[in-house]
Each structure stands twice: as structure tokens, then as C-alpha cells.
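**Q** give me a model of this one.
(one chain, ligands or ions: 1)
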Amino acid sequence: MTDRYAVVGHPVAHSKSPAIHAAFARQTGEKIDYTTLEAPLDGFVDTVAMFLAMGGAGCNVTVPFKEAAYEFANQLTERAEQAGAVNTLWLDDDGVVGDNTDGAGLVRDLRRHTVLAGKRILLLGAGGAARGVIGPLLAERPTALVIANRSQDKADALAAHFADIGPISAARYDALAGQVFDIVINATSASLAGEPLPVPDTLWHEGVLAYDMMYGKEETPFLKQAAAASQRLDGLGMLVEQAAEAFFVWRGVRPDTAPVLALLREQLQG
Ligand code: ATR
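**A** Alright, predicted model coming up:
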């Protein structure tokens, strides 16, 4: 029997998730059908409830519904609870389970290129994208995780929220000059507006890895700013890894992400 899955968002037509999951299914021999499902902005719950009632096995959830999915789930995994958002849903005997694979996806992608334990990490942004990855980043045991955000109160609130689980603190953008980090991650939406971030150039020294959770056909404004960093990565790898983690949660099989990422990269730049 073919199990049905979908990615729910608004807009969602251009999502790469169906192509990624189709590639995983071909590779692993799992029988799944995965489509896009656009929900009206005020109709997330109805759309997903209908999909599940009609036999859907599970969904991924993307912008702007990850918080709505968190509210909708009857049970949450620990990482979804920490993230305050859900990007992966499925049905079990007790109802709808909500998980969040974004942070695991980021960490898996980063770990292909570096070690996180013992490192100083700077996370730019304090919105949903930042909150979603803090728990998994702290679980890697960095020496420090510093959050910088334009609105300082949001950075302070996030640091306070996660203070019990690791060495997290908040800093002002203008206090970053002269500070040294091993890894700098952009979790803001500044790239969407094509805007540079108010970070000092002193961040980009020998050995630093710059990671933008965004990606695009062109190099993102953040990665342009970070031209002097030793390694620069965009969020395409995270996209594939968070999908692989969802596939694993649903199917119990872990796909090989490298060929799928290579294919997406080729398509993006082709
Ligand atoms: P998301 O869920 O994608 O994180 P969000 O909750 O709207 O989206 O948060 C957007 C993040 O990008 C915030 O951290 C925001 O900073 P503020 O909280 O100070 O607004 C950040 N952001 C957006 N545009 C930015 C810009 N031009 N420069 C710096 N930060 C920006």
C-alpha cells in the first residue's frame, strides 16, 4: 500500500519537499506519495484534519503554520516542545503527534563540515527559525551559544527560556565587535528582504564557518558579507537533512542525503 504525505504551507507550490521525498522513496524502496497542500491562511486545522481523515499518514508543515501545527498536535516530541513549533506531523493510536526536525537538520548538515562540541556559536535572529534550532545546537555541547537580535528583548527572552539546558546568552549586535566565534549562523529573515545584517566585519576571521539557514539561486546577502570566512554554507543542506529526519521518523529508514543534495544543488544553479 502507498502511504500519502504532504507538505502544508501558504504559499507552497514551489516547495522542494515533494522532489526530496520522492528521491528518498526511490532510493529506499519505500512506497510513499508526497504532494503539496496549500491551506488558506485561516484554514490550517481544517486542511490538515481533512487530509488525515482521508487517509493521509502524515504531513510536513512550513511557513506560516509551524506554530499552528504545534497547537494542533495532541502529543509533542521533546524537541517540538522546545522549539515551540512543529514541522512534522503523523497519526498514531492516541492522535496527532507533532515533531520538529529543523534543528536536527541544521546540526546534521553542520556536522558534515565541522565539530560543534567545544565551539563558540553565534546565532543571529530570535524568531521562530532561531528558536527551532537552539535545543539541538545546545545538545552538541558548544562552549557558548550567543543570540544576537535587533530587538534585544526577544534575544533575552530566548536566552532565559533555554538557560537551563546549556551555556546560552544574549548580546547586542553592536557588542559583537572584537568577539571571536567559530560558527556564525543566520536565522534571521533579513536575506528575504535582501538586507545585510548589522554585524561587524571582525567576525569573519580565519577558521570561522558562516552558515545561512536561507538559500537561493544567487549567493545570499549574509554569505556575501561573510566573504572572508573560511567556510560558507547555505541552508539547502539543512532543507534536505530536515526532510531526511522526517522521512526517518515516518518510515524508520534513514536515506542517504548526499546524492539528493547534489541533485537539488544542480537544479538550483542550472
Ligand atoms: P522566523 O520565524 O523566520 O524566524 P520571525 O519570527 O518573523 O521569522 O523573525 C524574523 C527574525 O529576523 C527576527 O529575529 C528579526 O529581528 P527582530 O526580532 O529584531 O525584528 C530578524 N530580522 C528580519 N529582518 C532583519 C534585518 N533587516 N536585520 C536584522 N534582523 C532582521
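**Q** drop to CA atoms for contacts and neighbour counts, all remaining ones
**A** OK.
**Q** would you tell me which helix is longest in the chain?
**A** Longest helix of the chain, by residue count under DSSP state H: helix 236-251.
**Q** tell me the buried residues in the helix or strand following that one?
**A** Using DSSP states H and E, the helix or strand that follows helix 236-251 towards the C-terminus is helix 257-269. Within helix 257-269, the residues that count as buried by 16 or more other CA atoms under 10 Å are 257, 260, 261, 264.
**Q** could you give the mean pLDDT of stretch 135-150?
**A** Taken as a whole, stretch 135-150 has an average pLDDT of 98.
**Q** show me the contact partners of that stretch.
**A** Stretch 135-150 has contacts (CA atoms under 8 Å, 6 or more residues apart in numbering) with 79, 82-83, 103-104, 107, 116-126, 155, 159, 162, 165-173.
**Q** is that stretch anywhere near the ligand?
**A** Yes - Stretch 135-150 comes into contact with the ligand (CA under 6 Å from any ligand atom), by way of 149, 150.
**Q** dihedrals phi and psi, residue 132?
**A** phi -60, psi -20 (degrees, to the nearest 10).
**Q** and for it, the neighbour number?
**A** Neighbourhood size, residue 132 [other CA atoms under 10 Å]: 27.
**Q** what does residue 165 give?
**A** Residue 165 has 12 nearby residues by other CA under 10 Å.
**Q** confirm that it lies within a helix, as I assumed.
**A** No - counting by DSSP: H, G, I helix; E, B strand; the rest coil, residue 165 falls outside a helix, being coil.
**Q** quick one: which helix or strand includes the closest residue to it other than its chain neighbours?
**A** Excluding its sequence neighbours, the residue lying closest to residue 165 (CA to CA, 6 or more residues apart in numbering) is residue 138, at 7.1 Å. Following DSSP H and E, one finds residue 138 within helix 128-139.
**Q** still on that earlier bit, list buried residues within the contacts of stretch 135-150.
**A** 79, 82-83, 103-104, 107, 116, 119-126, 155, 159, 162, 166-173.
**Q** and the ligand, which of those contact it?
**A** Answer for the buried ones among the contacts of stretch 135-150 near the ligand (CA under 6 Å from any ligand atom): 125, 126.
**Q** now intersect the buried ones among the contacts of stretch 135-150 with the helices, please.
**A** 79, 82, 83, 103, 104, 107, 155, 159, 162.
**Q** burial count for the closest residue to residue 214 other than its chain neighbours?
**A** Leaving aside its chain neighbours, residue 214 sits nearest to residue 235 (4.8 Å; criterion: CA to CA, 6+ apart). Residues within reach of residue 235, counting by other CA under 10 Å, total 19.
**Q** so how far is the ligand from residue 235?
**A** Applying CA to the nearest ligand atom, to the nearest Å, the value for residue 235 to the ligand is 13 Å.
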